[in-house]
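Enquirer: A predicted structure for the sequence below; I have some questions about it.
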Amino acid sequence: MNEPSALRVTAAEIARLAGVTRATVSNWRRRHPDFPAPTGGTDSSPAYDLGAVQAWLATRTPSPGAAPLTELRTVLRAGPGSLMEATLAAALTTIQQAADVVPRDLLELPDEQLAARITGLLDQRSREPDWVPPSINLSYETRDAPTLRALLRGMEADGPAATLEVLLDQGTTSGGTYRTPAAVAGLMASLLLRSPGIPYPASVLDPACGSGTLLAAAADLGATELLGQDISDGQATLAGARLRMLTGRVNVEVRVGDSIRDDAFAGRTVDAVLCAPPYGNRDWGHDDVAYDERWTHGLPPRAEPELAWVQHCLSHLSPGRSAVLLLPPATAERASGRRIRASLVRTGALRAVIALPAGAAVPLHIGLHVWVLTRPAASGDAPPHILFVETGSLPVEAVGDVWSDFATAPAAFRPRPGTARAVPVVDLLDDAVDLSPARRVRARQGDRTPEEVAGEAHAKVTELRDGVTRLRGLLPGPERWAATGLEPRHWRTATVADLVRGTAVVLADEPREGDVLLPEVIRDGAVRAHVVEHHEGTPIDPLPAGQRLLRPDPARFDPWFLATFLSADENVAAAVSGSTVVRLDVRRLRVPLVPLAEQQRLGRTFRQLAELRRAADHAAQLADETARTLTSGVTSGALLVPDPDVSTA
């Protein structure tokens with residue numbers, strides 16, 4: 001007989017496991033005497049043993065069932081310890097890299113043998129140096145079998161990479177930490193590209209690596225040696241597991257410990273550093289390391305831990321090499337850090353400050369700053385300018401272009417009004433040494449003549465008019481669309497899970513033209529499916545993190561038809577779970593079953609509506625930029641307001 005699993009689930013989680021409604025679970029409890037009795041919780045919210053529930057569900061008439069990764073998330077939420085995700089990540093990479101181990105074969109083992117087999121694999125792997133922290137317990141018991149089976153089913157159905165993403169997501173949020181968003185991590189990693197033709201840094205360090213997001217982004221761009229340290233055993237294990245899935249392309253070394261107090265890589269220098277350090281921690285070691293040689297720009301005050309991290313990162317760079325840090329905006333302006341900021345500016349260590357919009361990364365209510373720093377060479381003059389960027393509506397990928405233009409020729413960099421400006425160092429060394437991009441980018445129009453401002457204003461107005469004209473041309477069909485009748489139209493439908501079983505749709509890993517992208521986590525209340533399109537001369541981007549990729553059989557489904565119905569509000573509402581973090585179970589979404597010719601007819605309209613939406617977004621951005629340019633031009637004294645009585649025709 002199997003031991004109790006020690007994992008408990010609520011009625012809502014049972015509903016997700018079984019792929020049914022909460023009401024169905026309530027009916028099971030009332031009508032079936034053999035339904036498992038509660039093992040915890042309260043009278044109003046009882047909790048049930050997960051293993052007993054799974055065994056009971058196995059005896060029932062087959063129900064839709066939850067997607068394997070939904071089951072895994074349920075198991076993780078029910079887990080007793082914060083290190084569960086880390087130990088499972090270690091197991092996942094061990095199984096994935098073992099040539100003679102197949103998840104399906106392991107699933108066929110009885111619970112006791114399954115636990116023993118995976119424990120044996122981990123024991124053999126743990127003999128490798130620095131593989132996981134010694135404090136992590138990698139042994140499994142029979143009671144852990146439901147957890148291991150959820151992991152294996154996820155690996156078999158969705159692959160190791162998607163399964164690891166679930167572990168990373170749950171392992172960070174449940175531990176009170178947050179992963180750097182993929183877009184921000186990609187931007188930070190790209191800022192290490194100094195200029196065209198120069199190879200990407202080979203060795204990259206992250207001294208507060210968390211689950212390894214920044215190091216993984218660096219590996220995607222060409223880094224071959226990844227060094228990480230984190231104070232959390234669980235986070236370091238997750239990072240090691242994630243990065244070692246890249247084995248064959250990179251060398252990985254991840255250590256546990258407090259980087260400021262106990263630097264695991266003391267004395268080692270690297271080609272680049274990426275870091276999103278913890279914010280606002282006044283117990284960072286001020287008294288313990290007061291006389292450390294890292295403080296070349298001054299001992300950071302107790303209230304300035306971020307400036308300790310800045311100097312720590314600089315100390316690990318080879319001369320002339322760069323570091324990119326994600327920091328709170330207060331680091332750029334607090335009075336207590338003025339002297340250290342002045343030294344960073346004066347010596348040429350600080351090269352750029354980039355203000356991200358609020359919501360780009362946690363904490364979501366403020367706009368974080370990205371600092372680009374360089375360890376000055378032993379000899380040579382300090383750069384005379386520092387770049388300041390206010391991203392605003394600027395696309396993330398365009399920030400890299402701005403930095404590249406500046407890094408290639410700082411003296412020739414032309415300001416981008418309201419967005420970017422290269423400020424002379426001498427202008428920054430005032431009493432405040434305020435490095436806030438908002439203050440520096442919008443400081444004055446005096447860098448340009450009124451004629452230049454007028455030329456830019458004319459260009460903005462012309463671009464906006466062209467955008468509005470294009471928007472009008474995309475309005476679909478007649479002004480009034482006819483109703484379907486007294487009752488809405490109904491279709492026979494099938495779930496994505498059914499379509500996958502019937503090979504009409506494939507869950508893929510590498511995007512290609514005609515695929516459909518859907519997010520797994522809903523962040524703004526709406527879902528926009530995206531059809532992958534290929535433009536001549538432009539490569540298709542890799543699959544973004546947190547996205548599911550559906551590849552329809554072109555002989556059976558039109559991609560625009562599929563994408564639109566998958567992201568319909570009513571459809572999405574029936575396939576989401578969670579409150580704080582809202583997740584979309586793609587397999588539960590339903591698709592109408594109509595002839596291909598009808599799909600293609602509807603798909604053409606859906607594609608036109610998607611283009612209309614993109615054009616409207618672009619026109620809104622142009623309207624904002626035009627209004628800002630004209631307002632700034634008038635208030636700075638460079639533009640005259642037109643006389644409304646004078647014709648402009």
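Expert: On my side now, so go ahead.

Enquirer: For the closest residue to residue 222 other than its chain neighbours, which three-state class applies?
Expert: Excluding its sequence neighbours, the residue lying closest to residue 222 (C-beta to C-beta, 6 or more residues apart in numbering) is residue 200, at 3.5 Å. No exception for glycine: its C-beta is placed from N, CA and C like everyone else's. Per DSSP: H, G, I helix; E, B strand; the rest coil, the local secondary structure of residue 200 is coil.

Enquirer: contacting residues for residue 200?
Expert: 192, 193, 218, 221, 222, 223 (C-beta atoms under 8 Å, 6 or more residues apart in numbering).

Enquirer: what are the phi and psi angles of the residue lying closest to residue 574 once chain neighbours are set aside?
Expert: Closest residue in space to residue 574, ignoring its immediate chain neighbours: residue 588 at 7.0 Å, by C-beta to C-beta, 6+ apart. For residue 588, the backbone dihedrals (degrees, to the nearest 10) come out as phi -90, psi -10.

Enquirer: and residue 588, how many residues sit next to it?
Expert: 22 (other C-beta atoms under 10 Å).

Enquirer: Check residue 454 too.
Expert: There are 15 residues near residue 454, going by other C-beta under 10 Å.

Enquirer: quick one: it and residue 636 touch, right?
Expert: No - applying C-beta atoms under 8 Å as the test, residue 454 and residue 636 come out as separate, 11.8 Å apart.

Enquirer: Who are the contact partners of the spatially closest residue to residue 245 that is not a sequence neighbour?
Expert: Spatial nearest neighbour of residue 245, excluding adjacent residues (C-beta to C-beta, 6+ apart): residue 93 at 5.9 Å. Counting by C-beta under 8 Å, 6+ apart, residue 93 makes contact with 160, 164, 241, 244, 245.

Enquirer: can you tell me which two in these are farthest apart?
Expert: 160 and 244 (11.4 Å; C-beta to C-beta).

Enquirer: mind checking the SS state of the residue nearest to residue 21 when sequence neighbours are not counted?
Expert: Nearest residue to residue 21, sequence neighbours excluded (C-beta to C-beta, 6+ apart): residue 15, at 6.0 Å. Residue 15 falls in the helix class when you classify it by three-state DSSP.

Enquirer: tell me which residues of the top helix by length along the chain are tucked away?
Expert: When the chain is parsed with DSSP state H, its longest helix is helix 596-635. Residues of helix 596-635 classed as buried by neighbour count (16 or more other C-beta atoms under 10 Å): 599, 602-603, 606-607, 610, 612, 615, 619, 621-622, 625-626, 628-630, 632-633.

Enquirer: So the residue nearest to residue 569 when sequence neighbours are not counted: helix, strand or coil?
Expert: Of all residues not flanking residue 569 in the chain, residue 526 sits nearest, at 7.7 Å (C-beta to C-beta, 6+ apart). At residue 526, secondary structure determined by three-state DSSP is coil.

Enquirer: Burial check on residue 526, number of neighbours?
Expert: Neighbours around residue 526, by other C-beta under 10 Å: 10.

Enquirer: For the stretch 151-300 of the chain, which segments count as strands?
Expert: 203-206, 225-230, 251-256, 270-275 (DSSP state E, counting those that start in this stretch).

Enquirer: Adding mean pLDDT and distance to residue 518, write these out as TSV.
Expert: Below are those laid out as TSV (pLDDT from 0 to 100; distance: least, C-beta to C-beta, whole Å):
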stretch	mean pLDDT	distance to residue 518
strand 203-206	97	30
strand 225-230	95	30
strand 251-256	92	31
strand 270-275	97	29
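
Enquirer: would JSON lines of those strands with distance to residue 465 be doable?
Expert: As requested, those are exported to JSON lines (distance: least, C-beta to C-beta, whole Å):
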{"stretch": "strand 203-206", "distance to residue 465": "46"}
{"stretch": "strand 225-230", "distance to residue 465": "49"}
{"stretch": "strand 251-256", "distance to residue 465": "54"}
{"stretch": "strand 270-275", "distance to residue 465": "43"}
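
Enquirer: Serialize these to JSON lines and add fields for mean neighbour count and distance to residue 132.
Expert: Below are the strands of the stretch 151-300 of the chain laid out as JSON lines (neighbours: other C-beta atoms under 10 Å; distance: least, C-beta to C-beta, whole Å):
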{"stretch": "strand 203-206", "mean neighbour count": "26", "distance to residue 132": "18"}
{"stretch": "strand 225-230", "mean neighbour count": "25", "distance to residue 132": "12"}
{"stretch": "strand 251-256", "mean neighbour count": "20", "distance to residue 132": "9"}
{"stretch": "strand 270-275", "mean neighbour count": "26", "distance to residue 132": "22"}
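
Enquirer: which stretch among those comes nearest residue 100?
Expert: The minimum distance between residue 100 and these falls on strand 251-256, with 23.0 Å, by C-beta to C-beta.

Enquirer: send the alpha carbons of the closest one over as CSV?
Expert: Extracted C-alpha coordinates of strand 251-256, given in CSV (Å, rounded to 0.1, in the frame of the first residue of the first chain):
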residue,chain,number,x,y,z
ASN,A,251,30.6,26.1,-18.7
VAL,A,252,28.5,26.7,-15.6
GLU,A,253,29.6,27.5,-12.0
VAL,A,254,27.0,28.4,-9.5
ARG,A,255,27.8,29.0,-5.8
VAL,A,256,25.7,29.7,-2.6
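
Enquirer: what residues does it touch?
Expert: 130, 133, 135, 209, 212, 224-233, 236, 239-240, 243-244, 246, 264-265.

Enquirer: just the buried members of the residues you listed?
Expert: Using 16+ other C-beta under 10 Å as the burial test, the contacts of strand 251-256 include 133, 209, 212, 224-233, 236, 239-240, 243-244, 246, 264-265 as buried.

Enquirer: What about these, which are in helices?
Expert: 233, 236, 239, 240, 243, 244.

Enquirer: Looking at the last one now. What's its pLDDT?
Expert: To tie it back to what came earlier, the one meant is residue 244. For residue 244, the pLDDT comes out at 85.

Enquirer: Turn the buried ones among the contacts of residue 200 into a named ChimeraX selection, would you?
Expert: Here is the ChimeraX selection string for the buried members of the contacts of residue 200, based on 16+ other C-beta under 10 Å:
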select :192,193,218,222,223
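
Enquirer: So the residue nearest to residue 569 versus residue 153, what's the distance?
Expert: 30 Å (C-beta to C-beta, to the nearest Å).

Enquirer: coming back round to it: most neighbours, which of the contacts of residue 93?
Expert: The residue in those with the most neighbours, by other C-beta under 10 Å, is residue 241 (31 neighbours).

Enquirer: How many neighbouring residues does the spatially closest residue to that residue that is not a sequence neighbour have?
Expert: Of all residues not flanking residue 241 in the chain, residue 89 sits nearest, at 3.6 Å (C-beta to C-beta, 6+ apart). Residues lying near residue 89 (other C-beta under 10 Å) number 27.

Enquirer: Buried by neighbour count: which residues of the helix or strand containing residue 89 qualify?
Expert: Element membership for residue 89 (DSSP states H and E) is helix 84-97. Across helix 84-97, burial judged by 16+ other C-beta under 10 Å covers 84-96.

Enquirer: So for residue 424, what pLDDT did the model give?
Expert: pLDDT, residue 424: 91.

Enquirer: Kindly provide the distance from it to residue 374.
Expert: For residue 424, the distance to residue 374 equals 17 Å [C-beta to C-beta].

Enquirer: what about those two, which has more around it?
Expert: The neighbour comparison of residue 424 against residue 374 (other C-beta under 10 Å) goes to residue 374, with 22 against 10.

Enquirer: any weak-confidence spans in the stretch 501-649 of the chain?
Expert: 523-525, 535-545, 578-581, 645-649 (pLDDT under 70).

Enquirer: and residue 386, how many neighbours does it have?
Expert: The number of residues packed around residue 386, counting by other C-beta under 10 Å, is 24.

Enquirer: And for residue 441?
Expert: 22.

Enquirer: Can you tell me the closest non-neighbouring residue to it?
Expert: Nearest to residue 441 is residue 390, by C-beta to C-beta, 6+ apart, at 4.5 Å.

Enquirer: quick one: contacts for that neighbour?
Expert: 355, 418, 419, 420, 437, 438, 441, 442.
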